[in-house]
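**Student:** sequence-free structure coming up:
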């Protein structure tokens with residue numbers, strides 16, 4: 001625990017500190033990433049915009065299905081003086097999709113806000129061979145070959161692991177030039 005008390009010194013004013021050391025052409029970057037409400041919200045919205053395949057469209061598809069079910073139901077009812085269970089089913093399927101979109105977002109964020117990680121800091125180091133992370137919960141070393149891809153976003157960088165999970169690093173704690181270097185290491 002004393003390691004982290006020393007780590008917290010100097011971070012009173014801001015939630016992130018960047019320490020960068022370049023030796024020749026070798027990469028040696030250390031950052032402090034703070035996991036807090038702002039981080040998790042940014043992570044979610046950047047994931048939604050850059051990584052999700054269906055979820056980012058789910059709300060619009062739900063609205064379209066509601067509209068389609070309503071309009072076709074009205075046309076069918078007034079044109080043919082008949083009703084069908086299909087149109088309300090399409091309408092309520094659209095309502096369910098919209099509900100699921102917001103419920104999933106709420107659940108994901110609530111899990112992060114109430115986790116032990118919330119309001120904690122993690123030290124992340126990058127060098128030519130690996131990425132390492134150190135927190136009060138433990139440490140890890142990941143070779144660059146462990147990552148499958150990296151996606152640079154407007155506000156940060158996703159480091160993709162092989163199983164669909166990712167590590168998100170905010171641009172506020174890692175300069176864009178170092179993001180490019182990290183991407184090169186992952187893609188090579």
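**Tutor:** Sure, I can see it. Only a predicted model underlies this, so the values are computations on that prediction, with no experimental measurement involved.
**Student:** Let me see the domain layout of the protein.
**Tutor:** 2-36+119-187, 47-113 (automatic domain parsing).
**Student:** and these, which one is worst for confidence?
**Tutor:** With a mean of 80, domain 2-36+119-187 has the lowest mean pLDDT of the domains of the chain.
**Student:** roughly how far is it from the heart of the chain?
**Tutor:** Centroid separation for domain 2-36+119-187 versus its chain: 15 Å, with Cα atoms, centre = their mean, to the nearest Å.
**Student:** need the next SSE after the top helix by length along the chain, C-terminal direction.
**Tutor:** Using DSSP state H to define each element, the chain has its longest helix at helix 86-113. As assigned by DSSP states H and E, the chain's next helix or strand after helix 86-113 is strand 120-127.
**Student:** Neighbouring strands - and their directions - for that following strand?
**Tutor:** If you go by DSSP bridges, strand 120-127 pairs up with strand 28-35 (antiparallel), strand 130-135 (antiparallel).
**Student:** Would you mind finding the most buried of those?
**Tutor:** strand 28-35 (a mean of 19; mean count of other Cβ atoms under 10 Å). Any C-beta I mention is one placed from the backbone N, CA and C, and that applies to glycine too.
**Student:** can you give me the angle that strand makes with helix 86-113?
**Tutor:** 120 degrees (axes from the mean of the first three to the mean of the last three Cα atoms, to 10 degrees).
**Student:** Kindly reformat the strands paired with strand 120-127 as TSV containing distance to residue 46.
**Tutor:** Output for the strands paired with strand 120-127, formatted as TSV (distance: least, Cβ to Cβ, whole Å):
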stretch	distance to residue 46
strand 28-35	14
strand 130-135	19
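**Student:** residue contacts, the nearest residue to residue 70 once chain neighbours are set aside?
**Tutor:** In space, and not counting its chain neighbours, residue 70 is closest to residue 91: 5.6 Å by Cβ to Cβ, 6 or more residues apart in numbering. For residue 91, the contact set (Cβ atoms under 8 Å, 6 or more residues apart in numbering) comprises 65-66, 68-70, 73.
**Student:** how about 6 Å then?
**Tutor:** By Cβ atoms under 6 Å, 6 or more residues apart in numbering, the contact list for residue 91 reads 66, 69-70.
**Student:** Also residue 149?
**Tutor:** Residue 149 makes contact with residue 160, according to Cβ under 6 Å, 6+ apart.
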